[in-house]
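*Asks:* Need coordinates for the following:
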Amino acid sequence: MKSRTLKLREAHKVGGSAAAFCSILWDHKAEHFVTSSSSDPSISVHDGLSPSSSPPTILRHHQDGVTALALSQDSSFLASGSIDHCVKLYRFPSGEFQTNITRFTLPIRVLAFNGSGSLLAAAGDDEGIKLINTIDGSIVRVLKGHKGPVTGLDFNPNGELLASLDSNGTVLCWELQSGTVSYTLKGAAPDTGFSTSVVNVLRWSPDGRILAVPGLRNDVVMYDRFTGEKLFALRGDHLESVCYVTWAPNGKYIATSGMDKQVLLWDVEKRQDIDRQRFEERVCCMSWKPNANALSVIDVRGRYGIWESLVPSSMVGPTVGIPDILPKRRNEILPFDEEMEEELCPSLNDDDDDGDGGGESHQPRRKRIRRKTFIDDDDVDVDPDEDFYDEGSSIPGYRKKTHGVRSGVPTRSIARSTKFKMQKPFQPGATPPEQGKRTFLCYSMLGCITTIEHEGNYRIETDFHDTGRGPRVSSMIDIYGFTMASINENGCVFANPSKGEKNMSVLMYRPFKSWASNSEWTMRFEGEEVKVVANGSGWVAAITSLNLLRIFSEGGLQKHVISLDGPVVTATGCKDQLAVVTHVSDCLPSNEQVMEFRVFNISKMTQQLNGRVALTPGSRLTWIGFSEEGSFSSFDSEGVLRVFTSQYGGSWIPIFSTAKVKKQEENYWVVGLNKTSLCCIACKHPELFPQVTPKPILSILDFSLPLASSDLGAASLENEFILNQLRLYETQRKVDDMAVAEVDTTALEDEAFDLEVSQDKCILRLISSCCTSDKFVKAGELMRLLSLEKSMRAAITLVTKLKLPFLAETFCSILEEKLLEEANDANANHPQNSSRGVVKSEVQNSPAPVQTRENTEANLKASAPKPSATTVVRKAKVSEGLKLGKEQIKRDETDDVKKREVNKLNLIKNPVNRVNNEDKGKGLRKEANQQDARPSSNPFLKSIV
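*Replies:* Numbering: from 1, shown residues only. The predicted structure follows:
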């Protein structure tokens, strides 16, 4: 690797032999770049297209050297910090001064805008990092934790984190939502002392997953975003410590400047330097040109240059594949209403305030800005067709023509960025195509479909995880270039996007078995393309770019064409059910997707469910599917799994969150779920999708709800309690639906009873935890949730043995209430069987009688065949005159039932008395033990003990 030299031209004069820290920045369109120097109070705005022929625009507002520059992401505003302790704001690229937004007591070292431009972070030799609201200039929060001057600041691209670095080499990662430190890296970078020409800097990768920090061994160390753990280091030909780092726009390369006056270019994936430049003086700042293969540099003498074509043409360019990371809005502030008038704080001063006072503070002076009309803006150049979202004030739909400048004060937010985009359609279980690599067209709990390019065509292979659930399927040559697929036990469906008028979008179905020889079929779509496919029992579905849901039979018959309400996001099928997710509206200014779902029953041509899709704020939908029980489920990019339930009229329940179980070096790619667990593939960070080879390993993760930290200290039991409650509710609902349809419910009823048993066991353990923690009210609430009588008696015995007699009395009262309620319900619903049930219960609980001749004869009579229906009718006619007498006997029997129930309830309190009289002698203890041995009446058919 040969080193090269680059000619530099002067931008700022640095007197004498002293070195100065100089800055250089490009705007997002590469039309202008800005330079400054700590030895020069002026700022230069250069023409990026012809910097040598066009003179720069000079901004002279600071009274001392400029030590820091920052541009908002949309390059509409420029911030500068100086040794004169002031932070100033300008319009860009015009350079029109806006305000002194804040002031420090010591020199400023570094500035940084967040992704949306609503926050400006400023720090220096003062204690603390100021987070400034760029809308009104107020200080939102001061972050304190560093013990030296802060020289490096960088917001994570998604806006959740802020990384800071001081001159002592300590890195702090701040969570902006709470203002707390996520992790600390002490001594991670070199100690630069109090020199203003040498600063420690740090930079997030464009995808926000890696934090690059200059290391102690003349290298650059990469740290994990979540844990701060060291991932790897870039160590090459730097002879002295690294003093500046900057990522290429796509994150594939990184440029480093060292104290040895070298600039090295690194291939991050290969972890090696691929080119270098030597300079006469140390390069103190660098900036990639956003739309070209070029890097601008500036040295400590104020001379700048542009390194063209630094990435070899044989390699991927630095602007290819730039990650589309949108800042999350949930951490931002001041969501203004569109109809509200803004009240700007006194820090938004007029141009005249800068004349003599420089960076001096002013007394509070409030100014109300009226909403101007288009007529008021005759002096402002506007584009009537330009729409944008005002990111800083969260006001959607503003038009540039409705904002003017009044007395030098901006009437709109300082930061203006592009509109958030709706999520693109995706196929569940598919991975992005990679050149020369095998990728998944579909991966589900049943099997997978993979594809790889082979001699201009694609080769598709289909495999089942369990060969017993599907036949052996031969590989297929794909001449269409399919990018999506769906599979079930009967067959698989493929589709590809449109590639022009000659290459239309194609839908193909391939059955696994058929009585006919030529059973495959294809459909071509002219003027539209397939976005998502799904299949089920006897049907195939395709959703197209015209928002049409097309349903076909397995034989290829076009059965239905349905217009959807919005653009499709994704779809999935299971047996007779088809779930389709569509957009409801554009993405909200808070970067929240607005989606709705519809679940169809294809065989019945009905809509079973519909509603909005619940997502974590700022996240994207990454997977949808049906569980083994048929529950509709979703998973978002924040790692939250939700199941749709009929509770509360239809609600999403978050049953799993990766926040509590996720390993920081792993990302989870969802495959499916069963009754108790999530099935996924763990992808090693930073990969988001699994590789086909080697064969991915399926991970099973138990459901874990995002519960709050309870003072009970039994989070696992509470998690189990809620999950059992959800499953029991859904099972009982299915039993009711099947009973209405007059379908046999025996199996489901047994499953429901098993769930009740499991739930009672969980509740008993929770009661024990409550008693240990003195949470007696909560224990009483749990007692009322027990389903089985024997479980309630076990709870009474438990609290009695724990020597809590007052709680035992409470539990006894609860049991009495429940038994009386059940007895009254039984009498109200089946009065003719009430006495028979009580007698049967008493007989079951009485000692077994001795088998005698009389008993045998009685049993034979009882087991004799019953008379036919005709005989019963005849006897009823003969005994019609005795009807009134029998009714009187039934009323007497009912009264006897109630008396027996009261007598039985009086026996409940015996466990309490038994423990209290434990020391009264062997005779009493023997009597109590005999009473325990006597079986109690149980109205339930099964028990848990």
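*Asks:* so where do the helices sit in the protein?
*Replies:* Using DSSP state H, the helices found in the chain span residues 658-661, 715-740, 746-772, 776-785, 789-801, 805-829, 831-845, 853-862, 869-878, 883-905, 910-916, 922-933.
*Asks:* quick one: average confidence on the longest one?
*Replies:* I take that to be helix 746-772. If you average the pLDDT over helix 746-772, you get 91.
*Asks:* Tell me what angle that helix forms with helix 715-740.
*Replies:* With axes from the mean of the first three to the mean of the last three CA atoms, to 10 degrees defining the directions, helix 746-772 sits at 150 degrees from helix 715-740.
*Asks:* can you check the fourth one too?
*Replies:* With the same axes, to 10 degrees defining the directions, helix 776-785 sits at 30 degrees from helix 715-740.
*Asks:* relative to helix 789-801, how tilted is helix 776-785?
*Replies:* Direction vectors for helix 776-785 and helix 789-801, defined by the same axes, to 10 degrees, enclose an angle of 160 degrees.
*Asks:* hmm, back to that, the helices of the chain: lowest mean pLDDT?
*Replies:* When the helices of the chain are compared on mean pLDDT, helix 869-878 scores lowest, with a mean of 38.
*Asks:* What's the local residue count around residue 324?
*Replies:* 9 (other CB atoms under 10 Å). C-betas here are computed from N, CA, C, even on glycine.
*Asks:* How much space separates it from residue 282?
*Replies:* Computed with CB to CB, to the nearest Å, the distance linking residue 324 and residue 282 is 35 Å.
*Asks:* Contacts only, for residue 621.
*Replies:* Residue 621 makes contacts with 423, 569-570, 581, 593, 595, 613, 615, 634-637, as judged by CB atoms under 8 Å, 6 or more residues apart in numbering.
*Asks:* switch the cut-off to 7 Å
*Replies:* Listed by CB atoms under 7 Å, 6 or more residues apart in numbering, the contact partners of residue 621 are 423, 569-570, 581, 593, 595, 613, 615, 634, 636.
*Asks:* again with residue 681
*Replies:* 669, 671, 690, 696, 698-699.
*Asks:* Would you mind writing the ChimeraX command to select the buried ones in the residues you listed?
*Replies:* To isolate the buried members of the contacts of residue 681 in ChimeraX, using 16 or more other CB atoms under 10 Å:
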select :669,671,690,696
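*Asks:* so of the contacts of residue 681, which ones are in strands?
*Replies:* Using DSSP state E, the subset of those located in strands is 669, 671, 698-699.
*Asks:* and those residues as a markdown table, adding pLDDT and distance to residue 661?
*Replies:* Compiled in a markdown table, those are given as follows (pLDDT from 0 to 100; distance: CB to CB, whole Å):
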| residue | pLDDT | distance to residue 661 |
| --- | --- | --- |
| 669 | 93 | 15 |
| 671 | 94 | 16 |
| 698 | 89 | 16 |
| 699 | 90 | 10 |
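*Asks:* Which one of the residues you listed is nearest to residue 233?
*Replies:* Of all the ones in strands among the contacts of residue 681, the one sitting nearest residue 233 is residue 669; the distance, using CB to CB, is 28.4 Å.
*Asks:* gap between that closest one and residue 438?
*Replies:* With CB to CB as the criterion, residue 669 and residue 438 are 16 Å apart.
*Asks:* Give me the helix or strand of this protein that scores worst on average pLDDT.
*Replies:* Counting by mean pLDDT, DSSP states H and E, the weakest-scoring helix or strand in the chain turns out to be strand 343-344, with a mean of 34.
*Asks:* and the gap between the closest residue to residue 67 other than its chain neighbours and residue 828?
*Replies:* With CB to CB, 6 or more residues apart in numbering as the criterion, residue 67 has its nearest non-adjacent residue at 4.8 Å, and that residue is residue 38. Summarising the geometry, the distance separating residue 38 from residue 828, computed by CB to CB, is 89 Å.
*Asks:* give the contact list for the residue nearest to the spatial centre of the chain.
*Replies:* The C-alpha lying nearest the average C-alpha coordinate of the chain belongs to residue 638 (CA atoms, centre = their mean; 1.8 Å). Applying CB under 7 Å, 6+ apart to residue 638 gives the contacts 616, 619.
*Asks:* repeat for residue 130
*Replies:* Each residue near residue 130 by CB under 7 Å, 6+ apart is listed here: 102, 122, 139, 142.
*Asks:* again, 6 Å this time
*Replies:* By CB atoms under 6 Å, 6 or more residues apart in numbering, the contact set of residue 130 is 122, 139, 142.
*Asks:* which residues in the stretch 51-200 of the chain form strands?
*Replies:* Defined through DSSP state E, counting those that start in this stretch, the strands belonging to the stretch 51-200 of the chain, from first to last, are 57-60, 66-71, 77-82, 86-91, 97-103, 108-113, 119-124, 129-133, 139-143, 150-155, 161-166, 171-175, 180-185.
*Asks:* Over to the stretch 351-500 of the chain?
*Replies:* Counting by DSSP E, counting those that start in this stretch, one finds strands in the stretch 351-500 of the chain at the ranges 367-368, 405-406, 409-410, 439-443, 447-454, 457-464, 476-478, 484-487, 491-495.
*Asks:* mind listing what's buried in stretch 805-815?
*Replies:* Using 16+ other CB under 10 Å as the test for burial, stretch 805-815 gives 807-808, 810-812, 814-815.
*Asks:* can you check stretch 618-634 too?
*Replies:* Buried residues in stretch 618-634, defined by neighbour count with 16+ other CB under 10 Å: 618-627, 631-634.
*Asks:* now stretch 524-544
*Replies:* By neighbour count on 16+ other CB under 10 Å, the buried set for stretch 524-544 is 525, 528-536, 539-544.
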